[in-house]
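Participant: Structure for this input, please:
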Amino acid sequence: MKESTRWLWLAGLLLTAWLVYLLLPILSPFVVGMFIAYLGDPLVDRFERWGMSRTWGVVVVFALITLVTMVALLVLIPLLGKQLMRLYELLPQIIDWVQHSALPWLQLKLGLSDDFWQFDKLKQALSGNLGKTTDFVGLIVSKVTASSVAVVAWLANLFLIPVVGFYLLRDWDVMMAKLRGMLPRSSEKRIVGLMGECHEVLGAFLRGQLMVMVALGTIYAIGLMSIGLELGLLIGVLAGLASIVPYLGVAVGVSAAMAAGLFQFGVDLYPLLAIAGVFIVGQMLEGMLLTPWLVGDRIGLHPVAVIFAIMAGGQLFGFTGVLLALPAAAVIMVLLRHAHVFYKHSRAYGVEEPID
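Facilitator: Numbers count the residues shown, from 1 in each chain. Now for the predicted structure:
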């Protein structure tokens, strides 16, 4: 590539990055719609192979997405809402138990002073607000209605997601073919190879890990509720969502479930062993069945890299950055792997060999 061409590409990339930064406030529905199109494209392609038109395949996929969403809204959301309200009601009792049961035991074991923990002010604040849920909801409603423009914009973005996702999914293959046709002929093979690796890593992570999250959340929630844990559904769902980062889900789930179990059952050994058993079974199923079957071994994203990517994306670009964090991390990982190979065959490393 000539020097002038390189500078032209660099200027184009910088201009694109600047435009993306300026358009961040309106990008969320388009990013979510792109994710829907990316995740749904293989299923639509399968429907096409079965003789269905592209448009009708997209309609079927969106009908399935709508059905799952409605089930979640009608069944799961109300149950989680009830558990959140129950947790809000139990908070003063939990703090009282921590202050008069858990902390004295911990102070005895660690040799801490008696006034090391001070929870009186927090308990008083929670107790004073308990029973004022109506006022709390009214405050939220008043804040929301006071910023009607923001509410309208949020609703518009929410409505745009399925519209953008539908059209992107319908024209996905056409857009990919046009983008490939715009690539420089001399570099097409290498760029397509890189994008193929990015697609393999990203597709395996997004589709596989999302299914693993849903499966683990279901296993944890059913298991915890079956042993009588009052907040079992809420903890199971949180543990499933945290499973986006390997091992974080089980750490969050075990910690929260054991704390809830100690509060509800006391030091009774059998319920605590049952809680531990739920997460042991979940981890065994994840390691031996779910991850090998749904995700495979082509991800290559280290757990620390996943955590850093999500935090960095949120810090730099807010909610849109969180959505783009994992795709960007997957692409960067593939590019770094090829850069490492290029460096090992370069004069800077000490050995200059041709790269295929």
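Participant: How is this protein partitioned into domains?
Facilitator: In the domain annotation for the chain, the residue ranges read 26-182, 202-294, 300-348+352-356 (automatic domain parsing).
Participant: Adding mean pLDDT as columns, could you present those in CSV?
Facilitator: Below are the domains of the chain laid out as CSV (pLDDT from 0 to 100):
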stretch, mean pLDDT
domain 26-182, 75
domain 202-294, 85
domain 300-348+352-356, 74
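Participant: As CSV, those domains with mean neighbour count would be great.
Facilitator: All C-beta atoms are positioned from the backbone trio N, CA, C, and that covers glycine. Converted to CSV, those look like this (neighbours: other CB atoms under 10 Å):
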stretch, mean neighbour count
domain 26-182, 13
domain 202-294, 18
domain 300-348+352-356, 15
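Participant: Looking at those, spot the one closest to Ile191.
Facilitator: Closest to Ile191 of the domains of the chain is domain 26-182 (CB to CB; 8.6 Å).
Participant: for the domains of the chain, which one sits closest to Arg6?
Facilitator: domain 300-348+352-356 (15.6 Å).
Participant: List the buried residues in the host helix or strand of Leu194.
Facilitator: Following DSSP states H and E, one finds Leu194 within helix 188-203. Buried residues in helix 188-203, defined by neighbour count with 16 or more other CB atoms under 10 Å: Leu194, Met195, Glu197, Cys198, Glu200, Val201, Leu202, Gly203.
Participant: want to throw those into TSV with distance to Arg6?
Facilitator: Formatted as TSV, those follow (distance: CB to CB, whole Å):
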residue	distance to Arg6
Leu194	17
Met195	20
Glu197	23
Cys198	22
Glu200	28
Val201	27
Leu202	27
Gly203	31
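Participant: Arg170 and Ser53 touch, don't they?
Facilitator: No. With contact defined as CB atoms under 8 Å, Arg170 does not reach Ser53; the gap is 10.1 Å.
Participant: centroid residue for the chain?
Facilitator: Ile244 (5.5 Å; CA atoms, centre = their mean).
Participant: what sits against that one?
Facilitator: Gln209, Met213, Val306, Ile310 (CB atoms under 8 Å, 6 or more residues apart in numbering).
Participant: now for the residues you listed, which pair is the farthest apart?
Facilitator: Top of the distance list for the contacts of Ile244 (CB to CB): Met213 and Ile310, 13.8 Å.
Participant: Asn249 and Val331, how far apart?
Facilitator: I think there's a mix-up here, since residue 249 is Gly and not Asn. Distance of Gly249 to Val331, given as CB to CB, to the nearest Å: 25 Å.
Participant: Over to Leu241?
Facilitator: 24 Å.
Participant: same deal with Glu200?
Facilitator: 12 Å.
Participant: immediately after the one helix or strand Leu87 maps to, which helix or strand?
Facilitator: If you go by DSSP H and E, Leu87 is part of helix 77-97. Counting by DSSP H and E, the element after helix 77-97 in chain order, helix or strand, is helix 103-110.
Participant: by how many degrees do that following helix and helix 77-97 diverge?
Facilitator: Orientation check (axes from the mean of the first three to the mean of the last three CA atoms, to 10 degrees): helix 103-110 against helix 77-97 gives 60 degrees.
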